[in-house]
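>>> Output the structure for:
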Amino acid sequence: MPDAAETLAARSLLSAAAVRERANQLLEHALAGRLDHFTVDLGRLEACADEVLATIEQNYPDLDIPFHARWRHFSAGDIDRWGAVASAVEWEDAAALARAAFDLAIVSVLLDAGAGPDWRYAEGRTGETYTRSEGLAVASFDLVIGGAFSSRPEDPLRADVDALASFSVTELARGFQVAADNPLVGVEGRAALINRLGQVVAAAPDVFGQADDPRPGGLFDVIAATAQGGRIEAPRILEAVLVHLGPIWPGRIELGGVDLGDTWRHRLAAAEDGTHGLVPFHKLSQWLSYSLIEPLEWADYEVVDVDGLTGLPEYRNGGLFLDTGVLVLKDPRDAERPHEVGSALVVEWRALTVALLDRVAPLIRDRLGLSAADFPLAKVLEGGTWAAGRRLAQRRRGGEPPLRVVSDGTVF
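Got it, this is the predicted structure:
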């Protein structure tokens, strides 16, 4: 029987606030020179902001920046793939459309960890070839709209538990065009995530089957029920994702019977309870939360407190700070070595990325003359830090990140 106090402590890590608090702990240690692998030069934040602003001016000169979300990648090549598909369907109501959009976003985000440098996806309908995030998005989009996760031929735009639970590595490899000369990182890990998604949804029909047969898109009804006066707080989206989809993640650290998912150990993370030494990130869960905002808005809900979520601790945002000199490796040779995702170096890099995104965002807003309400973190990321990190990586290393992380396809 799990200890009640440990269970309560574990659940405290299932929030964006916990991610932000532990990240800032490690930033304070970095500024005091106590981290093992990085130093921080806050004097370089202005130069970092310059790179972000140059990217915003190039990509969004009118400052009409959408939220950082999976839907941007579904529009790779300036093609509104989802709009074209959704407009051709006679939806029963806005909630039915939202559930289908949730199905698509959830499946696609779970398949979204880094692709590796050599993989690409050739889109048959356009003749275009995409790599990395855009390629993963278009490949997963094609799988979903092709009915790969539906048990109903007449309704391909859904994800059903049986299809998810039985989805094979072979099917994933075929759908993503994996071959000896087109390798994709973490194929087995991605397929296992999809299988666990089906199992978790099937095990909780009271959660995922409130208005339909159990499906990931049933999470829409759970989140919609938190609305007050038609408004939904963004952190409630993440909490629903972590509580109800948390069991899909590979077992890493468990506390009080709670699997903590994308949470890792660091000796300097302090707490007065059983979470001492633990640093949560919930990167894919937060990426998913950002990606569920628009489907909720399509169902006429207003999503507020978007800055209650954190910046995403992944290699584009993290690479931005390394490439602009805000972060400096104490041992330059670490740039040449591969690093396990749970290593102290990677945990430090990710935590500092979260904390520094909160530091650079106000500089960018001030230079643009915009408030946090008008230019939330989700726009800073999209406009933004993620795109600037990618641009610098392309310019300096042909697109490769500044650090090599060994991942199983379920984190980065």
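
>>> all helices for the stretch 51-200 of the chain, in order.
Ranges of helices in the stretch 51-200 of the chain, per DSSP state H, counting those that start in this stretch, are 70-74, 81-87, 94-110, 132-145, 161-166, 169-175, 187-202.

>>> To D374, which of the ones you listed lies closest?
Of all these, it is helix 70-74 that lies closest to D374, at 19.2 Å by C-beta to C-beta. (Each C-beta comes from the backbone N, C-alpha and C, glycine too.)

>>> Strands of the stretch 251-400 of the chain, start to end?
Secondary structure of the stretch 251-400 of the chain by DSSP state E, counting those that start in this stretch: the strands cover 254-255, 258-259, 263-265, 278-280, 302-304, 327-329, 338-340.

>>> quick one: buried residues of whatever helix or strand L27 lives in?
In the assignment (DSSP states H and E), L27 maps to helix 16-31. Within helix 16-31, the residues scored as buried using 16 or more other C-beta atoms under 10 Å are 16, 18-27, 29-30.

>>> again with stretch 2-20
Neighbour counts over stretch 2-20 (16+ other C-beta under 10 Å) mark 6-7, 9-16, 18-20 as buried.

>>> could I get that stretch in PDB with only the CA atoms?
C-alpha atoms of stretch 2-20 as PDB (Å, rounded to 0.1, in the frame of the first residue of the first chain):
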ATOM      1  CA  PRO A   2       1.600   3.300  -1.100                       C
ATOM      2  CA  ASP A   3       2.400   5.800   1.700                       C
ATOM      3  CA  ALA A   4      -0.200   8.500   1.600                       C
ATOM      4  CA  ALA A   5       2.300  11.300   2.300                       C
ATOM      5  CA  GLU A   6       4.500  10.100  -0.500                       C
ATOM      6  CA  THR A   7       1.600   9.900  -2.900                       C
ATOM      7  CA  LEU A   8       0.600  13.500  -2.000                       C
ATOM      8  CA  ALA A   9       4.200  14.600  -2.600                       C
ATOM      9  CA  ALA A  10       4.400  12.800  -5.900                       C
ATOM     10  CA  ARG A  11       1.200  14.400  -7.200                       C
ATOM     11  CA  SER A  12       2.700  17.800  -6.400                       C
ATOM     12  CA  LEU A  13       5.200  17.300  -9.200                       C
ATOM     13  CA  LEU A  14       2.400  16.800 -11.700                       C
ATOM     14  CA  SER A  15       2.100  20.500 -12.500                       C
ATOM     15  CA  ALA A  16       3.700  23.200 -14.500                       C
ATOM     16  CA  ALA A  17       4.300  25.100 -11.300                       C
ATOM     17  CA  ALA A  18       6.500  22.300 -10.000                       C
ATOM     18  CA  VAL A  19       8.400  22.300 -13.300                       C
ATOM     19  CA  ARG A  20       9.000  26.000 -13.000                       C
END
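
>>> who touches the spatially most central residue of the chain in this structure?
In the chain, the C-alpha closest to the average C-alpha coordinate belongs to W287, at a distance of 2.5 Å (C-alpha atoms, centre = their mean). By C-beta atoms under 8 Å, 6 or more residues apart in numbering, W287 lies in contact with 70, 109, 112, 312.

>>> Repeat that for V109.
70, 284, 287-288, 291.

>>> Which single one of the residues you listed is nearest to P235?
Once C-beta to C-beta is applied, the member of the contacts of V109 that ends up nearest P235 is L288, at 13.5 Å.

>>> Leaving out chain neighbours, which residue sits closest to the closest one?
Distances taken as C-beta to C-beta, 6 or more residues apart in numbering place V109 nearest to L288, at 4.4 Å, with adjacent residues excluded.

>>> Name the strands paired with the helix or strand of the chain with the lowest mean pLDDT and say parallel or antiparallel.
The helix or strand of the chain with the poorest confidence is strand 258-259; it has a mean of 88 (mean pLDDT, DSSP states H and E). In the sheet, strand 258-259 lines up against strand 254-255 (antiparallel) (DSSP bridges).

>>> Quick check: mean pLDDT of the partner strand?
Here strand 254-255 scores 91 as its mean pLDDT.
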